[in-house]
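Trainee: mind folding the following:
(one chain, ligands or ions: 2)
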Amino acid sequence: MKKKYINLILNTIIENILQVKIINKSSNPLPFYQTEGSAGMDLYANIETPIELDSLERQLISTGIFIELPLGFEAQIRPRSGLAFKHGISIVNSPGTIDADYRGEIKILLVNLSKDKFVIQTGERIAQMVVAKHERVNWQEVQNIEQLSQTDRGSGGYGSTGK
Ligand SMILES: O=c1ccn([C@H]2C[C@H](O)[C@@H](COP(=O)(O)OP(=O)(O)OP(=O)(O)O)O2)c(=O)[nH]1
Ligand SMILES: [Mg+2]
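Mentor: Numbers count the residues shown, from 1 in each chain. Ligands and ions are numbered 1, 2, ... in the order given. I've put the predicted structure just below:
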């Protein structure tokens, strides 16, 4: 077995890392953390033939991955900076949200923001997925704006603090 996978297994045991169910219907490897400190795992395109993205075109790309996150967790689908920098490839709905109760295939809504056509090959790493905890809230409705606590910022935004 590769050292990388042995380390992954050891980390799981030692650090009690969250276990997340996954189905991989592609022939790509399971997503994994590329370095010890990576926040995201790269996701691979799982497509039968190469997909051409014209300038400013967007397309939903399959990954072949299905997951079950525990309640209280989400997965964020974010662009890869290398693809963005070199080819202008981003994600329309970035960061995409994978809900804990979603059981469908994870898909990635890529957009080509460059002037040139970009071709996506199967097995290409097209995005990264960050699993994160999130809160859920109940509303405590009040009637007047004065019932929200006062702050120095108040309603200032959009550059109110200067450059
Ligand atoms: O980049 C993404 C974003 C979402 N999804 C899946 C998982 C998510 O749980 C579901 C719904 O996403 P979202 O809530 O962002 O979309 P919506 O337009 O609000 O659709 P819905 O009405 O189904 O919630 O679609 C993806 O596979 N990829
Ligand atoms: Mg929704």
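
Trainee: looking at it, Ser114 is touching Glu57, isn't it?
Mentor: No - the criterion here is CB atoms under 8 Å, and Ser114 misses it with Glu57 at 10.7 Å. C-beta here means a position set from N, CA and C on the backbone, and glycine is covered the same way.

Trainee: the more surrounded of those two?
Mentor: Ser114 (16 against 13; other CB atoms under 10 Å).

Trainee: residue contacts, that one?
Mentor: 55, 87-89 (CB atoms under 8 Å, 6 or more residues apart in numbering).

Trainee: what do you get for Glu74?
Mentor: Contacts of Glu74 (CB under 8 Å, 6+ apart): 97-100, 131-132, 134.

Trainee: phi first, then psi, for the nearest residue to it once chain neighbours are set aside.
Mentor: Nearest residue to Glu74 in three dimensions, chain neighbours excluded: His134, at 5.1 Å (CB to CB, 6 or more residues apart in numbering). Dihedral angles of His134 (phi, psi; degrees, to the nearest 10) stand at phi -140, psi 160.

Trainee: what about His134, neighbour count?
Mentor: His134 has 12 nearby residues by other CB under 10 Å.

Trainee: separation between Glu52 and Ala45?
Mentor: 13 Å (CB to CB, to the nearest Å).
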